[in-house]
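Enquirer: Okay, here's the prediction I keep looking at, along with the sequence it came from:
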Amino acid sequence: MPYLQYKHNGIKKHYEIPPGRLIIFGREEHVDFQLGLDPKISREHFAIQLELDGKLLLIDLGAMNGTFLNGKKIENDAVELHEGDVIRAGTHSFIYFKHIPQEPVYRPDPVIPPSSDTLPPDADFASKMRAIVGGRKK
């Protein structure tokens, strides 16, 4: 599902866009995504709509201070969004992505013991183990 990435209090967050619904962004309490008390935000500033065919539209709702797409002001218009597009309204910025990336899974580097050809052929078991674990003695 497509989503918008934004920061709230310095923390990266994701807002998933449901299909077939008009999502309104603004400062009023009744909007779908409230942008706080930013004086540059209109009561109903812009909307996002995910069409059933998968197209995502950004719709300016006549905001006095404008809605910007990749730095360009759009006025009373609907434009199709493409992955990586940046939407700005007031002090708020959103980046459009088609899918929420999975957080990388931590996998420690495997411990690879030295190959047998690096050990002398006549080494005893204790010598081989010291070579494998790094020569630590207890």
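Expert: Received it, and whenever you're ready, just let me know what you need. Everything quoted here is computed from the prediction, not taken from an experiment.
Enquirer: pLDDT weak spots in this structure?
Expert: For the chain, the stretches with pLDDT under 70 are 101-129, 131-138.
Enquirer: all helices for it, in order.
Expert: Here the chain has its helices, by DSSP state H, at 125-132.
Enquirer: Give me the number of neighbouring residues for Leu4.
Expert: 22 (other Cβ atoms under 10 Å). For the C-beta atoms, the positions are set from N, CA and C on the backbone; glycine is no exception.
Enquirer: Now do the same contact list for it.
Expert: His14, Tyr15, Ile17, Ile48, Ile87, Phe94, Ile95, Tyr96, Phe97 (Cβ atoms under 8 Å, 6 or more residues apart in numbering).
Enquirer: now these as TSV including neighbour count and distance to Glu75?
Expert: Supplementary listing: the contacts of Leu4 in TSV, determined by neighbours: other Cβ atoms under 10 Å; distance: Cβ to Cβ, whole Å:
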residue	neighbour count	distance to Glu75
His14	13	28
Tyr15	15	24
Ile17	16	22
Ile48	23	17
Ile87	21	14
Phe94	22	18
Ile95	16	22
Tyr96	20	20
Phe97	15	25
